[in-house]
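Asker: Got a sequence here, can you model it:
(chains A and B)
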Number of protein chains: 2
Amino acid sequence: MWTAQTPPQLSSIRERLIRLEETIIFALIERAQFPRNPPVYIADAILSGPPSFLHFFLAETENLHARVRRYLSPEENAFTRELPASSLPPLPPSTSIMPNDITVCDEIYQVYLHEILPAICPAGDDGNYGSSATCDVAVLQALAKRIHYGKFVAEAKFSAAPDAYIPAIRARDREAVVHELRSPQVEERVLRRIEKKAATYGHDVDFETDLAATCKIAPAAVAELYRRHVIPLTIEVEVRYLFARLD
Amino acid sequence: MWTAQTPPQLSSIRERLIRLEETIIFALIERAQFPRNPPVYIADAILSGPPSFLHFFLAETENLHARVRRYLSPEENAFTRELPASSLPPLPPSTSIMPNDITVCDEIYQVYLHEILPAICPAGDDGNYGSSATCDVAVLQALAKRIHYGKFVAEAKFSAAPDAYIPAIRARDREAVVHELRSPQVEERVLRRIEKKAATYGHDVDFETDLAATCKIAPAAVAELYRRHVIPLTIEVEVRYLFARLD
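Answerer: Purely as a prediction, here's the structure:
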């Protein structure tokens, strides 16, 4: 069984997750300034050929980032399957989480296209395809980082109390593992904080008044996206990590 | 003399400039979460060879963006000189501003490295080179967009009152052109709004209290960066545009 030499600390992970909330909200606000711009997501609409413009642009961006070692970090997970090797020397192997190839990037991509985009962007097409795709990539990368942090959360919780998890993992008792991992109280706190952050960062700041009435993004929609997608996908990553943890 | 068929409207330009303030502030806050990380900016430190890591990463990013037509838009200006042709069909030529190759990207790059970075990031090196460079590129692109919008501002002001500009332009009277372009009252308003935005968006949002005492970025430093660099460089773009305007 793999052993964490420097198990991640839950307190420092929480700090990173809280900071990533800003990154996600900023990226969503940036995307929300453009309408949905459907051609970005449809094959053969902007580029000729099968992949959509976003698919192409994301793969090319990840291609560049792979060359500068992004995906050798255990915190990073690429949406694109075949990526070039890094042209930089490799990083020392992680000693805080188990080496793994667990990913929910496909799920994140689908949820982004079919749930998040329609929730945050007004319908319409203003031709800003490149700008929209650039924002899409920023949101996707931020979501992937946040959600795959579940690996660090799972390792921290497992390392702190292995006996609470080992029997349920051995029995492949998914429900028991999820029950042990989740804390409804913490989740409620996260959701309320998210809504407050989205309201603060999304408000138009006016010079005369304190905060204008208009909001660049619906705070409740951002909290809802966390409730319906970010938290469940993070739990999914945690469970998959723990199920592989004893192999 | 070139004539704008659809001169830009000052009111819609102002809206774009106000919205770009958020983009710049969000990007600065994102960069400020990492220390300065000097190896990113030094040749031969991360990559072997002469360009710095940021230089390389920016050029590669712009290379990709050029292939998807970014720099055919009159709103966009690349830092990199030799870029590949777009693989998408060309856009119709702009009818709102004069075709031109005016750029202050070199100046923006130098100001960013030597003035802005030291003002917003604590000294230190945490090894997050890729993340830092990704944020650097976002800040640089946002600043370049904001500052080169001066071309649209200049065209709007010129189109609205050509007689106020033509004699000074013909006489190459830089001071008179600048005097006509500037509005100290508007600039003061921008600076106060910037400081307020940086305070609002940079504050940590806490669940119990309204806004925590800590701030991710010094609001006064952001206003100062506008006062000392963004506004003067925008004026520089406006003057260069108008001096070329009658040729």
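
Asker: Tell me how many other residues surround whatever residue of chain A ends up closest to chain B.
Answerer: With C-beta to the nearest C-beta as the measure, A:F26 is the residue of chain A nearest to chain B, at 4.2 Å. For the C-beta atoms, the positions are set from N, CA and C on the backbone; glycine is no exception. The number of residues packed near A:F26 is 24, by other C-beta atoms under 10 Å in any protein chain shown.

Asker: give me the element it is part of.
Answerer: Secondary-structure assignment from DSSP states H and E places A:F26 in helix A:10-32.

Asker: so after that helix, what's the next helix or strand?
Answerer: Sequence-wise, the next helix or strand downstream of helix A:10-32 (DSSP H and E) is helix A:53-67.

Asker: Quick check: next helix or strand after that next one?
Answerer: helix A:105-111.

Asker: buried stuff in that following helix?
Answerer: Buried residues in helix A:105-111, counted by 16 or more other C-beta atoms under 10 Å in any protein chain shown: A:C105, A:I108, A:Y109, A:V111.

Asker: Could you export the next helix or strand after it as CSV, CA atoms only?
Answerer: Proceeding C-terminally, helix A:105-111 gives way to helix A:117-120 as the next helix or strand, assigned by DSSP H and E. Presented in CSV, the C-alpha positions along helix A:117-120 are these (Å, rounded to 0.1, in the frame of the first residue of the first chain):
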residue,chain,number,x,y,z
LEU,A,117,-22.8,28.1,-19.9
PRO,A,118,-26.6,28.4,-20.3
ALA,A,119,-26.9,29.4,-16.7
ILE,A,120,-24.4,32.3,-16.8
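
Asker: and helix A:117-120, anywhere near chain B?
Answerer: No. On the criterion C-beta under 8 Å from any C-beta of the partner chain, helix A:117-120 is out of touch with chain B, staying 15.2 Å away.

Asker: tell me what that helix is packed against?
Answerer: Packing partners of helix A:117-120 (3 or more C-beta pairs under 8 Å, 6 or more residues apart in numbering or on different chains; DSSP states H and E): helix A:10-32, helix A:219-225.

Asker: Please dump the ones you listed into TSV; it should also carry mean pLDDT for every row.
Answerer: Formatted as TSV, the helices and strands packed on helix A:117-120 follow (pLDDT from 0 to 100):
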stretch	mean pLDDT
helix A:10-32	95
helix A:219-225	95
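
Asker: where's the residue positioned nearest the centre of chain A, which helix or strand?
Answerer: The geometric centre of chain A, computed from its C-alpha atoms, lies nearest to A:L143 (C-alpha atoms, centre = their mean), at 1.9 Å. Under the criterion DSSP H and E, the helix or strand holding A:L143 is helix A:129-148.

Asker: Mind giving me the packing neighbours of that helix?
Answerer: In this structure, helix A:129-148 makes packing contacts with helix A:10-32, helix A:53-67, helix A:105-111, helix A:231-245, judged by 3+ C-beta pairs under 8 Å, 6+ apart.

Asker: so what does the second one touch, helix or strand wise?
Answerer: For helix A:53-67, the contact count by 3+ C-beta pairs under 8 Å, 6+ apart identifies helix A:129-148, helix B:53-67 as packing neighbours.
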